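what follows is a protein structure lacking sequence information:
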């Protein structure tokens with residue numbers, strides 16, 4: 001009898017702990033798969049430092065106070081050991097509040113078409129946009145609606161990049177989004193064009209915000 005009571009108590013404690021953990025997870029805002037492409041006009045060494053108002057949870061190649069790689073005109077990056085990469089990758093968690101004062105409310109089934117158009121207008125190449133969409137579409141398409149807002153200072157002020165040598169052009173596309181059960185009205189966001197010139201750095205990433213409209 002005592003053993004049965006102990007097992008029941010253990011199950012109840014475990015259930016309470018799991019419930020608490022799920023509650024905590026709802027308050028965590030994750031910046032998912034920001035990737036950084038470096039397009040140089042000639043072979044050169046590039047150092048990249050990220051000052052992030054949060055905790056890095058995954059980086060590749062490993063981030064040790066910064067990345068230093070050799071960049072090629074085609075975008076291939078090589079580290080000191082001779083390993084090659086298509087981009088620099090990081091993820092993290094942050095308490096940063098993203099800006100949903102403007103954006104778009106998009107039916108889930110229209111997400112792919114919306115992103116294809118929006119990312120082209122923002123300046124991503126077809127390859128970059130394809131990698132963006134392949135990553136995010138499975139999470140967004142099944143939802144009835146998605147509230148989407150591309151971030152500016154609300155993101156870049158909290159994930160600051162220092163690149164040496166300094167790029168001639170820098171594009172940082174970061175999408176904050178929320179799954180919705182019903183359509184919401186939101187002022188349409190302007191999507192500025194981007195001109196690539198010289199040594200170009202492009203970053204894309206995103207965050208699913210599940211704690212309510214901010």
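That came through, no problem. In this text, all values refer to a predicted model and were calculated from it rather than measured experimentally.

okay, strands next: where are they in this structure?
Secondary structure of the chain (DSSP state E): strands located at 29-39, 44-52, 55-60, 67-71, 77-78, 84-85, 88-94, 104-107, 145-151, 159-164, 169-180, 200-208.

okay if I get those strands as a markdown table plus mean neighbour count and distance to residue 128?
(Glycine included, C-beta is placed from N, CA and C.) Formatted as a markdown table, the strands of the chain follow (neighbours: other C-beta atoms under 10 Å; distance: least, C-beta to C-beta, whole Å):
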| stretch | mean neighbour count | distance to residue 128 |
| --- | --- | --- |
| strand 29-39 | 21 | 7 |
| strand 44-52 | 16 | 17 |
| strand 55-60 | 12 | 18 |
| strand 67-71 | 20 | 16 |
| strand 77-78 | 18 | 15 |
| strand 84-85 | 14 | 15 |
| strand 88-94 | 20 | 14 |
| strand 104-107 | 18 | 20 |
| strand 145-151 | 23 | 14 |
| strand 159-164 | 15 | 17 |
| strand 169-180 | 20 | 8 |
| strand 200-208 | 22 | 6 |
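
looking at those strands, which is nearest to residue 139?
Across those, the minimum distance to residue 139, taken as C-beta to C-beta, is reached by strand 200-208, at 6.6 Å.

check which helices and strands the closest one sits against.
strand 29-39, helix 126-140, strand 159-164, strand 169-180 (3 or more C-beta pairs under 8 Å, 6 or more residues apart in numbering; DSSP states H and E).

what mean pLDDT does the third one have?
Okay, so that is strand 159-164. On average, the pLDDT along strand 159-164 is 98.

again, but for the first one
Taken as a whole, strand 29-39 has an average pLDDT of 86.

direction included, what does that strand pair against?
strand 88-94 (antiparallel), strand 200-208 (antiparallel) (DSSP bridges).

next one: the third one
Strand 159-164 has the following strand partners under DSSP bridges: strand 44-52 (antiparallel).

starting at the chain centroid, how far to the strand it pairs with?
The chain centroid and the centroid of strand 44-52 are separated by 18 Å under C-alpha atoms, centre = their mean, to the nearest Å.

same thing with stretch 171-178?
With C-alpha atoms, centre = their mean, you get 7 Å for stretch 171-178.

separation between residue 175 and residue 69?
26 Å (C-beta to C-beta, to the nearest Å).

next one: residue 199
Between residue 199 and residue 69 the computed distance is 13 Å (C-beta to C-beta).

can you check residue 111 too?
Separation of residue 111 from residue 69 (C-beta to C-beta): 33 Å.

switch the strands paired with strand 29-39 over to CSV; also include distance to residue 129 and mean pLDDT.
Listed next are these as CSV, based on distance: least, C-beta to C-beta, whole Å; pLDDT from 0 to 100:
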stretch, distance to residue 129, mean pLDDT
strand 88-94, 17, 96
strand 200-208, 8, 97
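
tabulate those strands (TSV), appending distance to residue 59.
Formatted as TSV, the strands paired with strand 29-39 follow (distance: least, C-beta to C-beta, whole Å):
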stretch	distance to residue 59
strand 88-94	5
strand 200-208	13
